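A.B. asks: I would like the atomic coordinates for the input below:
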Amino acid sequence: MEWWLLTFFISAILALFMPIVPEFSVLLTLLLCALLLLWVRKYRILAIAIFAFSWVLLAGQQYLTRISTNNINIALLHKQAYLVQGQVENIVQTKAGTSRFNFKISHWQGQKLAKTFIVRLTWQQPTQHLLQGQRWQLLVKLKPAHGLANTGGFNYQTWLLQQQIVATGYVKNDAKAKSVSAKVMHNKQLKGQVSWRQLLYQQLSLLLTDEPLSGLILALGFGERGELSRHHWQVLSATATQHLIAISGLHIGIVAMATLIVMRAVVCYLPWYRLLSKPWQIKLTSRNITFLPVLISGVMAWYYAYLAGFAIPTLRALIMLLLFWLCKAMAIKMTLMRWLLSAIVAILLCWPLSLLSASFWLSIIALTIIFITITRYKAFLTGTGTDTITAPSSIAATTKLQSVVKVKYLPIKMRAVNWLKGLLLIQLVLTLAMLPIAALLNYQLPLAAFFANIVAVPVMSITVIPCTLLAVIALPLSKIVAMFFLDLALFFLAKVWQYLSVIASVQWLQLPVSFQQIQLLLLVLVLCLGAIFFRVGYAKRLLLSSMLLLALGRSHLLTKQSSDWQLTVLDAGHGLAIVIEKDEGVFLYDTGASYASGFSIADAALIPYLKHRGFNKIDGVIISHNDNDHAGGLAQLRKQLSIAKVIANDFALLPDSVCLAGQGFDWQGLRFEMLSPSVIKGDKNDDSCVLTISDGLHKVLLPGDISIKQERQLLAMPGMREKLRSDLLIAPHHGSKSSSSARFLSAVAPQYAVFSTGYLNRWQMPSKEIINRYQALTTTMFNTAEQGMISFTFRLASPSQVSGFEQDIETKSYRADRRQYWYVNSY
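C.D. replies: Numbers count the residues shown, from 1 in each chain. Next up, the predicted model:
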């Protein structure tokens with residue numbers, strides 16, 4: 001059976017590597033063929049493989065066609081505003097005057113939809129107060145689901161797909177925005193429209209007013225992490241304890257187990273049955289009353305999942321728990337690995353796109369490691385000898401009801417020792433095994449993970465999580481009782497948080513690592529764990545080989561130098577962020593935008609890319625001009641990374657020097673030459689730092705946001721045409737009509753041009769007129785909105801070795817070359 005389950009799992013994974021999703025008819029045919037093949041014994045494995053492969057792709061196909069099945073033209077979706085009706089799906093989070101929420105649309109322009117779909121909306125300076133569960137009519141502007149596409153950054157588009165969100169957009173402040181729920185002005189009727197979860201969230205938020213740890217309590221109680229501050233995330237990331245505030249299997253398991261223990265004590269050991277009449281005693285004892293604790297345990301786990309908004313991780317945990325209880329109830333003997341594989345298959349049948357979730361893989365890996373550890377070190381964890389003691393019959397057989405349970409136990413001291421050994425061993429193995437995976441989240445090796453989790457996990461499990469849930473349960477009944485449990489939770493949480501903050505402040509426990517080093521570490525770890533867990537021959541050889549690989553790999557990564565250099569235009573939305581790399585150095589040209597909401601291109605794209613590449617310090621930053629979409633990320637960049645120098649023409653940016661025509665410098669064998677401005681006039685766009693970068697064979701022109709007027713002034717300067725001629729041009733002002741004049745493009749004569757624009761931006765950049773001008777020069781064009789991050793690698797081969805540009809300039813785009821999968825290029 002394991003082979004069948006494993007085949008299903010592997011085949012489902014393979015479906016993610018398809019570049020496109022086949023048509024519905026093709027997938028339906030494959031599913032029917034798979035069902036028919038199941039009847040042929042020798043083809044069952046093949047049938048399971050085809051079924052799993054088609055099942056995942058079918059889920060993708062349903063997602064991609066959710067809008068079009070309602071006769072809505074996706075290509076025209078962004079062209080106008082639409083009047084929609086629907087329901088607020090989650091608790092609305094408001095920061096800096098901007099609300100964000102998921103909205104399930106049921107009516108479109110007054111017509112009921114054949115299939116509802118979910119969109120992600122923002123509402124700046126909202127004129128209405130939205131609550132989860134309410135139905136509203138809103139005027140919205142939408143775009144198909146899309147996200148920034150950069151190496152090392154968070155893949156927002158894939159996250160939207162996991163959440164079944166097919167479009168994003170914003171609400172227009174308009175008189176048409178109104179509630180379509182019946183009479184929400186009076187509190188009694190309001191409760192009928194607002195979700196129970198929303199009401200509890202509001203009540204708990206009021207009790208936590210001015211409490212510095214309120215964000216953590218709300219995250220533990222409701223799975224809402226919108227109130228967590230940047231400092232909270234920094235401490236959690238540094239200590240690898242993010243999993244503690246994300247309601248998942250750990251939390252659901254804790255609640256289920258705690259409820260089971262309490263209810264078993266009530267059912268089996270308390271003499272409550274004496275209060276019942278004899279007929280009822282006979283009825284209860286004639287049935288398996290011990291099933292009642294399991295049932296109540298499941299109900300409590302379900303309620304906690306509801307409080308968490310039935311997030312996919314909580315639903316996955318419920319599936320695993322349900323499968324476990326079913327096996328127990330039906331007396332089905334199942335190995336841990338078979339149970340895990342069965343749970344995985346059940347999850348993928350319910351939510352096939354869970355394969356795209358990082359939390360899904362973290363859970364599977366963690367459980368696998370725990371099971372292997374338990375199996376490998378079972379004797380060590382349970383102790384030696386047969387020290388089990390059977391309880392006296394006078395205790396176990398007082399009544400027929402109690403005799404259902406046979407009590408076997410170890411001495412308390414031995415049980416405590418075994419528990420401590422198990423905690424230390426499992427936590428140590430988990431920490432070591434998960435280090436490379438944790439490093440992938442922020443490109444830092446959290447060496448503090450073991451010391452943080454060995455304390456935080458048991459304390460949070462025994463005190464904070466149960467007390468938080470009890471506070472939420474008690475809220476509708478008694479605020480005094482709720483406040484009692486809340487105070488307990490805050491007391492223990494404060495102690496844990498103080499401990500974590502101290503550990504997070506130790507700098508040497510945070511080791512910066514690049515993606516290549518993480519890959520090498522993962523390889524070494526697999527070899528080491530394989531040698532430890534599986535007693536195979538040549539274990540010492542495996543360990544020696546892994547140590548040798550580590551030494552050779554580290555040496556190779558630290559000493560590797562090349563005459564080649566790379567320029568990368570990041571997908572920065574409507575903005576610009578360029579990274580120039582040569583040997584072990586890095587230089588930046590512009591840093592993208594930042595917004596009042598706290599979102600920054602530096603955080604979302606630039607810094608993750610630099611860490612992915614292994615850069616922890618920057619040799620220099622050139623800011624073309626002080627517009628937000630070019631300079632907005634500089635402040636955040638300064639906070640997180642060391643910058644040797646900043647060159648800018650606005651003294652508000654505190655530059656080390658300015659950019660003026662005629663200046664230049666050499667860096668890593670490359671020549672940086674500044675062509676404009678001659679004088680800083682206070683005109684932001686035309687004061688842009690026009691820069692060329694040359695290696696003697698290739699040249700790149702970075703013109704910022706200069707206008708046609710400034711282009712003409714450049715062309716009028718003596719000898720400037722020769723200086724302007726370049727192999728690569730970053731299109732001025734994102735491809736606006738105000739730039740890229742025909743004369744200027746003719747002088748530059750670029751082979752490649754890059755437009756750094758936002759997806760379906762309101763300015764419709766690049767302009768069709770400008771695109772035609774580049775096409776007339778047979779220039780190869782790239783657009784970050786369509787292809788994502790664009791990288792150019794310049795190879796310094798001698799002229800005799802190179803016969804054309806194609807051989808010495810290599811181009812790669814994120815969507816076309818690095819991630820050619822259907823879920824990355826959805827629309």
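A.B. asks: every contact and neighbour count from this point should use C-alpha atoms.
C.D. replies: OK.
A.B. asks: helices and strands around the helix or strand containing residue 373, which ones?
C.D. replies: Assigned by DSSP states H and E, residue 373 falls within helix 358-376. Applying 3 or more CA pairs under 8 Å, 6 or more residues apart in numbering; DSSP states H and E, we find helix 358-376 packed against helix 336-350, helix 412-442, helix 515-533.
A.B. asks: show me the contacts for the residue positioned nearest the centre of the chain.
C.D. replies: Ranked by distance to the mean C-alpha position of the chain (CA atoms, centre = their mean), the top residue is residue 154 at 5.6 Å. Residue 154 makes contact with 604, 605 under the criterion CA atoms under 8 Å, 6 or more residues apart in numbering.
A.B. asks: show me the shaky parts of this protein.
C.D. replies: Applying pLDDT under 70 to the chain flags the ranges 175, 181-192, 269-278, 280-290, 380-412, 415, 528-562, 797-807, 818-819, 825-827.
A.B. asks: quick one, domains of it?
C.D. replies: Annotated domains of the chain cover 68-194, 214-333+377-508, 514-559, 565-818 [automatic domain parsing].
A.B. asks: in the longest strand along the chain, which residues are buried?
C.D. replies: In the chain, assigned by DSSP state E, the strand with the most residues is strand 111-124. Across strand 111-124, burial judged by 16 or more other CA atoms under 10 Å covers 113, 117, 118, 119, 120, 121, 122, 123, 124.
A.B. asks: list the strands paired with whichever helix or strand comes after that strand, with their directions.
C.D. replies: The helix or strand immediately downstream of strand 111-124 is strand 135-144, counting by DSSP H and E. Next to strand 135-144 in the sheet, as set by DSSP bridges, lie strand 82-88 (antiparallel), strand 165-171 (antiparallel), strand 178-179 (antiparallel).
A.B. asks: need these in CSV (columns: mean neighbour count).
C.D. replies: Shown next, in CSV, are the strands paired with strand 135-144 (neighbours: other CA atoms under 10 Å):
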stretch, mean neighbour count
strand 82-88, 21
strand 165-171, 21
strand 178-179, 17
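A.B. asks: can you put those strands in a markdown table and add distance to residue 628?
C.D. replies: Formatted as a markdown table, those follow (distance: least, CA to CA, whole Å):
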| stretch | distance to residue 628 |
| --- | --- |
| strand 82-88 | 30 |
| strand 165-171 | 21 |
| strand 178-179 | 34 |
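A.B. asks: out of those, which gets nearest to residue 591?
C.D. replies: Closest approach to residue 591 among the strands paired with strand 135-144 is made by strand 165-171 (24.5 Å; CA to CA).
A.B. asks: element containing residue 688?
C.D. replies: In the assignment (DSSP H and E), residue 688 maps to no helix and no strand.
A.B. asks: cool, and the one 4 residues further on?
C.D. replies: When elements are defined using DSSP H and E, residue 692 is found to belong to strand 690-694.
A.B. asks: where do the helices of the stretch 501-650 of the chain begin and end?
C.D. replies: 515-533, 539-559, 601, 607-612, 628-631, 634-640 (DSSP state H, counting those that start in this stretch).
A.B. asks: who touches the fifth one?
C.D. replies: Residues external to helix 628-631 that are found in contact with it (CA under 8 Å, 6+ apart): 574, 575, 576, 577, 590, 591, 592, 593, 594, 623, 624, 625.
A.B. asks: could you pull out the buried residues of it?
C.D. replies: Neighbour-count burial for helix 628-631 flags 628, 629, 630, 631 (criterion: 16+ other CA under 10 Å).
A.B. asks: got those residues as TSV, with distance to residue 227 columns?
C.D. replies: Putting those into TSV (distance: CA to CA, whole Å) gives the following:
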residue	distance to residue 227
628	26
629	27
630	29
631	27
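A.B. asks: show me which of those residues is closest to residue 64.
C.D. replies: Closest approach to residue 64 among the buried residues of helix 628-631 (CA to CA): residue 629, at 31.1 Å.
A.B. asks: any idea how far residue 647 is from the closest one?
C.D. replies: Using CA to CA, to the nearest Å, residue 629 is found at 17 Å from residue 647.
A.B. asks: need the phi and psi values for residue 247.
C.D. replies: Backbone torsions of residue 247, given as degrees, to the nearest 10, read phi -60, psi 120.
A.B. asks: contacts only, for it.
C.D. replies: Here residue 247 is in contact with 219, 220, 223, 308, 313, 314 (CA under 8 Å, 6+ apart).
A.B. asks: please repeat the previous calculation with a cut-off of 6 Å.
C.D. replies: Shown in contact with residue 247 (CA atoms under 6 Å, 6 or more residues apart in numbering): residue 223.
A.B. asks: about what we covered before: what distance do you get for the residue nearest to the centre of the chain to residue 215?
C.D. replies: Separation of residue 154 from residue 215 (CA to CA): 22 Å.
A.B. asks: I figured residue 352 hits residue 56, correct?
C.D. replies: Yes - using CA atoms under 6 Å, residue 352 is in contact with residue 56, at 5.2 Å.
A.B. asks: who has more neighbours out of the two?
C.D. replies: Set residue 352 next to residue 56 and count neighbours by other CA atoms under 10 Å: residue 56 wins out with 25 against 21.
A.B. asks: relative to residue 260, how far out is that one?
C.D. replies: For residue 56, the distance to residue 260 - CA to CA - is 35 Å.
A.B. asks: can you check residue 723 too?
C.D. replies: Separation of residue 723 from residue 260 (CA to CA): 77 Å.
A.B. asks: now swap in residue 205 and tell me
C.D. replies: Separation of residue 205 from residue 260 (CA to CA) stands at 29 Å.
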